[in-house]
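Participant: Let me see the structure of the following:
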Amino acid sequence: MSKYETRLFIDGEFVNSISGKTFQTINPATEEVICQVQEALPEDVDRAVIAANKAFERGSPWREMDGTKRRDLLLKLAELLEKNKEELAVLESLNNGKPVSASHIDVYLAIQHFRYFAGWADKIEGKTLPVEGNFFAYTWHEPIGPVGQIIPWK
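Facilitator: Take a look at the predicted model:
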């Protein structure tokens, strides 16, 4: 059994894939199996999308959360990455065959990414717009929902 979590993270918890299928993650340098990882199939992605959309429904904890709390959560994630950066860099190298020095850069950039966006979480604001007549016009910036990304890398 792997010491690493290999299940899917959906709706705030680790879960097995609906199909129960897994795939091997292989160290490209040695061709040894690192671990078996849950395989997300379309029905798992649908379940994740439903959960992510639920977070944006009116009255949900995430939607109602103050921007400073969102900032603090992103900063906490950055701190956890920082605390575990050595292990993460080694795992990244085992997983994709990069030199550990290159993986250190990847982990560093991930940490900086979360810190950067944490800085924006409590700065969502709008603007008033000049218009003719006895009208008041403004913009209001707010999150509109989740996004997904498929990264074409091992």
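Participant: What are the boundaries of the helices in this protein?
Facilitator: Ranges of helices in the chain, per DSSP state H, are 42-54, 61-64, 67-83, 85-96, 100-121.
Participant: if you average pLDDT over the last one, what comes out?
Facilitator: Same thing as helix 100-121. Mean pLDDT, helix 100-121: 96.
Participant: on that earlier part again, single out the most deeply packed of the helices of the chain.
Facilitator: Of all the helices of the chain, helix 85-96 has the most neighbours on average by mean count of other C-beta atoms under 10 Å, namely a mean of 17. Every C-beta, even on glycine, is put in place using the N, C-alpha and C of the backbone.
Participant: and it, what other elements does it pack with?
Facilitator: Judged by 3 or more C-beta pairs under 8 Å, 6 or more residues apart in numbering; DSSP states H and E, helix 85-96 is in contact with helix 100-121.
Participant: Contacts for the helix it packs on, please.
Facilitator: Here helix 100-121 makes contact (C-beta atoms under 8 Å, 6 or more residues apart in numbering) with 67-68, 70-72, 74-75, 77-78, 81-82, 85, 88-90, 92-93, 96, 98.
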